[in-house]
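Student: quick check, what structure comes out for this input:
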Amino acid sequence: MEDQLKELIPFLRDKNPQVRQIALSNLLGQTPEGSPHRSIFLRGLGGGLQKPKETDIVRDLKLLCRDQLAVAHDAFRALVNLSDSPLLVPFLSEPAFLTFLVSYILNADSILADLASMLLSNLTASSSPCAALLALKVPIIPTPSSSSPPFPTQSRSGTCSAPVPYPSGEPQDIFALPLLIDAFVQGASIDPSGDISSRKRKGELHFLASVFANISSSPAGRTFFVTPRPTDPLNTNSTNEYPLAKIVAFTEHKDTIRRGGVASTLKNCAFHAQAHRAILSPDTEAVVVPPSTVSAPGIDALPCILLPLAGSEELDLEDQEKLPSALQFLPPTKKREADSALRLMHVETLLLLCTTRWGRDYLRDHGVYEIIRGAHMEETVDKVSEHIERLVQLLKGEEGVETADRCDVARAEVQEDDDDEDSRIEEV
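Tutor: Below is the predicted model of the structure:
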């Protein structure tokens, strides 16, 4: 059987697209983990004393991502499935392919942008692609009309043709990550039940949330999210904004991948104690995160952390007035986050925000105890309940040496309990 499958590999380069499609569709079933003949894709990629070298089949799959729809669809699926292998990661994160992958996701007309986002999510589960993505710039041609999105020149493929007329002007090299955040925000407004041909952006890009979570797991990634940047990546004179502020609202999104990735990004950024004031402050206040001297409106993340933990219980008027406006007088239909892993993540974020005195005082003054008291009454998962109880100890305890000790313990426990769910490899 393996010899027969190997005989199909040269047909991936056949001039006839139907032949390429048949060959690839027969190979695709061997790409998921545990497949009996998966080794044909990984053999020869390196290991031991060998210098890593890209094989023909890997090079073919990367090229086929630019092919016609049926072929490109299967090529992306194959690479998504294979990207759990450390042997393959260096060849999928090399500059040329990473630039294509990001450019393809950024192009609003890319039909397979969601599969490309899954591949990028899997790649960023490794540290080296995260570092590469943080530094990556992609060539973009800005368009004079606000109704026409900027054109990433390296996105051209069989499933993403160049715009007509082709935009005038010279390409500008723009940092990729701010552009991906803007595309992620645009993807949230898509109606998945609508006709794909009529959508302004073809992909929903939910898996970019996992990309952001993976990147923010490193100190450099956290620094990116809590360092002010121009709101418009193509206009350096636009108002400054924290990148994290653009995505925090999605903790209540209906898609689990999107809201889970955003919750994980928020939690990771909360490990950066100097950013606590910026994370919690409302957007009416300008805040600086040292060592930067550039200010930007506060991220106002507290409502986005508390809303998934809040239910429909009634509070006294005095308690209501403590709460952020988004949590006051919630409707009787309000439901808490159904996923216990995400509830735990939000409680862990609050624990991390309690590790600074300013953070504890802010949480006390803005009704956090009142919300988590109700959450604790309805919680059915012991691990979540235990973390809520630790949070209550920090919020209701008297300030002093003992409180500082409990904060150190809380920080250590959150790190220890991290299951790194957003770094898991997806298969299709």
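Student: what sits against the residue nearest the centre of the chain?
Tutor: Against the mean C-alpha coordinate of the chain, by C-alpha atoms, centre = their mean, the closest residue is A209 at 2.2 Å. A209 makes contact with F184, I247, F250, I257, R258, R259, G260, G261, V262, S264, T265, D422, according to C-beta atoms under 8 Å, 6 or more residues apart in numbering. (C-beta placed from N, C-alpha, C; glycine too.)
Student: can you tell me the SS state at the third one?
Tutor: In three-state terms, and counting by DSSP: H, G, I helix; E, B strand; the rest coil, F250 is helix.
Student: so it sits right up against R258, yeah?
Tutor: Yes. The criterion here is C-beta atoms under 8 Å, and F250 meets it with R258 at 5.3 Å.
Student: in PDB, could you pull the C-alpha coordinates for the particular helix or strand that has the residue nearest to the centre of the chain in it?
Tutor: Assignment of secondary structure by DSSP states H and E places A209 within helix 208-215. Provided in PDB are the C-alpha atoms of helix 208-215 (Å, rounded to 0.1, in the frame of the first residue of the first chain):
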ATOM      1  CA  LEU A 208      -6.800  33.700  14.600                       C
ATOM      2  CA  ALA A 209      -7.900  33.900  18.200                       C
ATOM      3  CA  SER A 210      -5.800  30.900  18.900                       C
ATOM      4  CA  VAL A 211      -2.900  32.500  17.000                       C
ATOM      5  CA  PHE A 212      -3.100  35.600  19.300                       C
ATOM      6  CA  ALA A 213      -3.300  33.300  22.400                       C
ATOM      7  CA  ASN A 214      -0.200  31.400  21.200                       C
ATOM      8  CA  ILE A 215       1.800  34.600  20.500                       C
END
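Student: give the next helix or strand downstream of that helix.
Tutor: helix 219-225.
Student: mind checking how far S168 is from L179?
Tutor: 20 Å (C-beta to C-beta, to the nearest Å).
Student: one step back: can you pull the residues that touch both of F250 and R258?
Tutor: Common neighbours of F250 and R258 (C-beta under 8 Å, 6+ apart) are A188, A209.
Student: what about the residue nearest to the residue nearest to the centre of the chain when sequence neighbours are not counted, neighbour count?
Tutor: Distances taken as C-beta to C-beta, 6 or more residues apart in numbering put G261 closest to A209, at 2.5 Å, once the chain neighbours are dropped. Neighbour count for G261, taken as other C-beta atoms under 10 Å: 28.
Student: looking at G261 now. What's its pLDDT?
Tutor: G261 carries a pLDDT value of 98.
Student: same check on E313?
Tutor: In this model, E313 carries a pLDDT of 86.
Student: which residue, other than its chain neighbours, is closest to it?
Tutor: Using C-beta to C-beta, 6+ apart, the closest residue to E313 is G374 (4.7 Å).
Student: so for the host helix or strand of that neighbour, what gets flagged as buried?
Tutor: G374 belongs to helix 368-378 when assigned by DSSP H and E. Of all the residues in helix 368-378, those buried under the rule 16 or more other C-beta atoms under 10 Å are V368, E370, I371, I372, R373, G374, A375, H376.
Student: perfect, I'm done here.
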